[in-house]
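**Q** could you look at this predicted model? Sequence included:
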Amino acid sequence: MSDKKETPKIGEKRKDSNQPLILPGIHRYQFFTNLKDRGWTINLDRVALFGIVAAMLSVVIKPLLRWNPATIYCYECRACYATQDRCPVGITLQAELVVAARVLDYDRFIRNGGLKCIRCGNCQSYCVQYLPLPEMFSVMQQETRRAMVNGVIPKDILRRALSQGLVGKEYIDDVAKTVA
Amino acid sequence: MEYLGYINLGIFLALMLSTLFGYIRTPVQTVLVISTILCLIVGAIFKYAAYGIDAVLLMPNEFLGGIILHPITALLTGLFLAGGLKASGGFDALKVLLRFLRRSPIGLVGTLVILINLPVISSLPCGRILAAALLPLLFTFGFEGGLGILTKSQLIVLIGAFTRNAMGSCGPSPIGGVGQIAEGFLGSFFATASDGILRAPQAFSLMLGTAVVALFLKLISQKIYPNDVSLREAPDAMAAQKFAEPEIKAPIEGYLALVIFVISLLTAIFQPLGKMPVQSVLVAGALLMVIVCRIRLNDLLEGIILLPVTAMAAGFLAAGALAATDGFKALGQILNSLVGVQFLGVAGMLAIFVQFQTILPLSCARILTAALVPVLYLFGPAQFDFLNWSQLAIVMAAYIINATTSCGPSPLGGGGMMGEGTMRAETGFIKGAYTFASMAIMAPMAAIFMKFLNLSIFQPSDPRFLQDIKMIAAFAILIAGVNILLLVAGSKLFNKESPNNYYIQVFGFLLGGSISGAILAFAVFEIDAVKIAQGAVGGFIAAALIGFMVPRSLSKRMTSTLSGPEL
Amino acid sequence: MTLPRPLRDPLGFLWSAFNIREVRLVLYALIVAALFPSSRYILFVIIGITLAIVWFKNYRKTGSRKILYFFGAVLLIKLGYFISYYDVTSVDEARIIKRPWGAGISQVLDGKYVGEGQGFRGPIKTEVEVKNNRIVSIKTLEYSDLISVKDNQIPVFQREILEKGMLVRPSEPEMFRGATETLTGYVNAIASALAKGIPDFPEYSVSSKVFLETFFGKAPDRVTINALAILFAAFMVFEYALQSMLTPGTGRSINCYNCASCVGVCPVKEVEGVQMPMGLVLLTRLGDYDRVMELSKYCVGCGRCATKCPIGNSGPLVISAAFQAARQKKLEQGIGSEKETA
Amino acid sequence: MWIVFAFVGILSGVIIAWALDMNSPKEIFQGALGGLIAGILMSAMLPH
């Protein structure tokens, strides 16, 4: 440490740009922990954190772009499971449909019978926040249909859905056309 | 395709365990993101082989579905509110209130007891919100903090008990608490369950668990790790003369902020203005604070504790990746095959399952809860039919209380670390107390409460109300009494700094675990000798896993973990 | 000739602008406004209030008149609002008499009319044919959600209208549960088509139309407000994490567990209400480098915090990063001012 | 419901008071009182 004696004031520009940037009076070894093996993770942590935050933001912004903002503030408390027999088409896991609508997960939507939904609104009365569940489902059904027409959804999923009877009469033509 | 789930589960567990034991030294969110990426890569290879490129392209959507937005945003907005309260001097106002309480007939002890139970009373979505703000206040009671009212041992007990209460408080919270996940699942049968079927058992067992943690810290932790708290005792000369208490004055904005805080909390909990998400209420409260109490936006930002938020989001990502690649299906099958083992059976499997999160403590309970509660749900009438709905509710209560308190003992940035930092202890100091309390007191207590009181309330035809209250009181005394006896007897066996202390503690864990397993089995299956024996075996196994994960000698282990072999 | 910085070094200028928190906040507001039209009203109000507060402080300090202009503008808007409010209410009253609903069909002249309404998934366009004061046919020309027009009880409703020959409310409201918005849009489309057939149907004046579109637009509903609250939280945490991701060297501070392990071993522990090494880390994360530099004079540089921290932060590390960041900031500002004077 | 909470509140209050090295009868009583208040407040926050 050549500049130990002549301590520059804070904020003053240094003449020698080759010197490592350290504060006056502080030895270089104190900058680093003794865990040398952690050194390589600094940038990894930053990248990981950026990934996490980006994922969170994408989960928030995606529904907004798809005109489905109400899905964002689903508690996922699954109070809608109480619908049970009062769902006329026998969907049991409504909250899964909401999550699928939020992140545009076609597979999950179809698997849980989203294409059967007739938007009767019975589940809405069980929601602790009275979210507009039928509207969410209708938007997601449109998205799914569009994706189906564009051929984004793998045909295996559609075939399985057809064989298990997970497609309602509104969409059965589209699904059959896509599979064939 | 069948092996995919097992491979990914293996990757996840291996990464998590090696982080827990300190072989991988990175922050927990990085590890979780790495495990997400690994799982996705493995999953993508399998999916490409099975379904082709389209299925692979849809995978990002699938694993993003794992993120549960509500708890994250509720936590964030709660932190905003706490940040605003801190910046505007609201906690000074609270100090004045506490001083007032101390001079009332309740006295110092009563005030401390209320303070310890404050997190559950105010039920915020994450315990850290209050802990971050109140721990410095608790610290001032000690010699180093300035007031010098309490001694070192008392301060350790106080801070440990407070942190336990705070870290459990996210379970019974009605505004985005962990318990809501399970309540929703129970809603399939108990139509009004989402109004709080799990809240009462948790609050109940937390109160008792807090007391036992205090006892454990006093009797055992301080003896087994005698040199791991660097708090200082007041010198005798100083202790003799009482400190003159400095007069605390709070700014008027502080009182205003406190009022806004309480009002927005009550609005969020009781929703008098029509149904409204918690976040909106809390953000409105925070913004109101910005305007009324003249604080800056930076103060709101300063209130954010980044780790729980990012760890939770990263955990959800990891859980989402596991779910998208059948990892949890594999876990369900493993647990299912445990049922076939002769001496475990359903009761033993449940006793292990209930303690699962105490065995594998992550920095936020929600990471695993969101993934494991659906597995538990499948044990009920929905799929495997091991349990009927009432039994499922009992197991759910026991599971959730253990899950929510699991961020206390976590060495990966769990909330308990805040308490350890405040009492200047080594990381892991309070792990033993926390895991013992959540295993031996809270889980059986919650199960008993659920069985005898809550179920009869939610099915009001049951007439045995008063009798059940007596039953609960008897069980509370029994469970607490047995465990307290265990603690006291164990502490009598200790010699100072003897290596046997650790084995005595593990023996206590095993005993406590098997008792708790038996009680759990009794709560679920009533009097059935085979089932109770199976439950005891399951509890024994879980307790062995928990007990051997409690650090043996703290300083040596932590030193080697923290500073590498070179130092 | 030296160009001003934005033209000479556009990318660098944008980057340094992005490094300023206020600019980022405005950027977030713009993103939200672009994504989410119904939030513009609230954002407009928030920006107005912020400007009012800032300029009011400015007025008290320097006597700048901006706040007076602001109040003038608000007054003008209010005045315009009252004028157009009066206009709109009077037109609405006049419209009630000339409604095409029910028996009002007798006012409609024969012919084909096209009307528009707002459905759940976008605009609905219908063509209505009227003959001898009866609705003869209804055609849906355009709607993005064709399926719900086919399958939600709309054909039933259409048949009902054609049977009666006039626009009436649906006889069984229960029937339309779950498709209310589409149905309302559909009804509105038919009503607006019929209104075109009524001679001298009262219209809003152009000025009030323009005024309402500019300043008020669609009033925000509860969904919007709640989504905005969540977006606010999301952007705040993004902002909080971003500060140390953008500034080189301070990246490690984002990993802080807030566990205060370092406070226990620090010989300084607490100064000026800041818990010593941990407070420095948190301030660095916040981007408050000046305060970190101010507090750094208390750091004795013993490095004990580094051995204790579970993720390997240390006070000196953070201070040096903050020093570097503050220096960088000063350098950039220095270059800017030099150019300005030149 | 509140009876049980009051009961456990008192129990935990007494245990905490004892764990805090506050052994005199007056202090134990104060702890029980504090626990009682905490228990009743807690049960008041629960849904009815």
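**A** That came through fine.
**Q** centroid-nearest residue for chain D?
**A** Centroid check for chain D by C-alpha atoms, centre = their mean gives D:Gly35 as the closest residue, at 1.7 Å.
**Q** and it, what helix or strand is that in?
**A** Counting by DSSP states H and E, the element that carries D:Gly35 is helix D:25-44.
**Q** can that helix be said to contact chain B?
**A** Yes - applying C-beta under 8 Å from any C-beta of the partner chain, one finds helix D:25-44 in contact with chain B at D:26-28, D:30-31, D:33-35, D:37-39, D:41-43. No exception for glycine: its C-beta is placed from N, CA and C like everyone else's.
**Q** any buried residues in stretch C:14-34, and which?
**A** Within stretch C:14-34, the residues scored as buried using 16 or more other C-beta atoms under 10 Å in any protein chain shown are C:16, C:19, C:21, C:24, C:28-29, C:32-33.
**Q** what is the nearest of those residues to A:Arg159?
**A** Nearest to A:Arg159 among those, counting by C-beta to C-beta, is C:Val32 at 41.1 Å.
**Q** who are the neighbours in contact with the closest one?
**A** C:Val32 makes contacts with C:39, C:43, C:228, C:231, C:235, as judged by C-beta atoms under 8 Å, 6 or more residues apart in numbering or on different chains.
**Q** which stretch of helix or strand covers the second one?
**A** Element membership of C:Leu43 [criterion: DSSP H and E] is helix C:40-62.
**Q** coming back round to it: quick one: contacts for the residue nearest to the centre of chain D?
**A** Contact partners of D:Gly35, counting by C-beta under 8 Å, 6+ apart, are B:110, B:113, B:117, B:207, D:9-14, D:16.
**Q** can you tell me the closest non-neighbouring residue to it?
**A** Residue nearest to D:Gly35 in three dimensions, not counting chain neighbours: D:Gly13, with 2.1 Å by C-beta to C-beta, 6 or more residues apart in numbering or on different chains.
**Q** what of B:Leu15?
**A** Excluding the flanking residues, the one nearest B:Leu15 by C-beta to C-beta, 6+ apart is B:Ser35, at 4.6 Å.
**Q** just to revisit the earlier point, which other helices and strands contact the helix holding C:Leu43?
**A** If contacts are counted by 3 or more C-beta pairs under 8 Å, 6 or more residues apart in numbering or on different chains; DSSP states H and E, helix C:40-62 sits against helix C:21-35, helix C:66-97, helix C:222-246.
**Q** just the residues of helix D:25-44 next to chain B now: which is nearest B:Ser410?
**A** Closest to B:Ser410 out of those is D:Met42 (25.1 Å), distances taken as C-beta to C-beta.
**Q** which residue does chain A bring closest to chain B?
**A** Residue of chain A nearest chain B, by C-beta to the nearest C-beta: A:Arg78 (2.7 Å).
**Q** pLDDT score for that residue?
**A** pLDDT for A:Arg78: 79.
**Q** give me the number of residues near it?
**A** 29 (other C-beta atoms under 10 Å in any protein chain shown).
**Q** how close does it get to B:Asn117?
**A** Distance, A:Arg78 to B:Asn117, by C-beta to C-beta, to the nearest Å: 29 Å.
**Q** cool, A:Ile91 as well?
**A** From A:Ile91 across to B:Asn117, the span is 42 Å (C-beta to C-beta).
**Q** between the two, who's got more neighbours?
**A** Taking other C-beta under 10 Å, A:Ile91 and B:Asn117 do not tie; B:Asn117 has more neighbours (31 against 21).
**Q** please name the nearest non-neighbouring residue to B:Gln353.
**A** Just to correct that, residue B:353 is Phe rather than Gln. Once flanking residues are discounted, B:Phe353 sits nearest to B:Leu335: 6.2 Å by C-beta to C-beta, 6+ apart.
**Q** look at the one you found and report its pLDDT.
**A** Listed pLDDT for B:Leu335 reads 84.
**Q** now what about the host helix or strand of it, what contacts it?
**A** Element membership of B:Leu335, judged by DSSP H and E, is helix B:327-339. Applying C-beta under 8 Å, 6+ apart, the contact partners of helix B:327-339 are B:5-6, B:8-9, B:12, B:39, B:319, B:321-322, B:344-346, B:348-349, B:352-353, B:371-372, B:374-375, B:378, B:384, B:386.
**Q** mark which of the residues you listed are buried, thanks.
**A** By neighbour count, with 16+ other C-beta under 10 Å, these hold B:5-6, B:8-9, B:12, B:39, B:319, B:321-322, B:344-346, B:348-349, B:352-353, B:371-372, B:374-375, B:378, B:386 as buried.
**Q** which ones among these are found in strands?
**A** In strands, judged by DSSP state E, none of the buried ones among the contacts of helix B:327-339 are found.
**Q** just those residues: which are in helices?
**A** The helices, defined by DSSP state H, take in B:5-6, B:8-9, B:12, B:39, B:319, B:321-322, B:345-346, B:348-349, B:352-353, B:371-372, B:374-375 from the buried ones among the contacts of helix B:327-339.
**Q** spatially central residue in chain A, please.
**A** Compute the mean C-alpha point of chain A, and by C-alpha atoms, centre = their mean the closest residue is A:Val59, 3.7 Å away.
**Q** how about the longest helix seen in chain A: buried residues?
**A** The longest helix of chain A (DSSP H) is helix A:41-65. By neighbour count on 16+ other C-beta under 10 Å, the buried set for helix A:41-65 is A:41, A:44-46, A:48-53, A:55-57, A:59-64.
**Q** is any part of that helix close to chain B?
**A** Yes - using C-beta under 8 Å from any C-beta, helix A:41-65 comes into contact with chain B via A:41, A:44-45, A:48-49, A:51-53, A:55-56, A:58-60.
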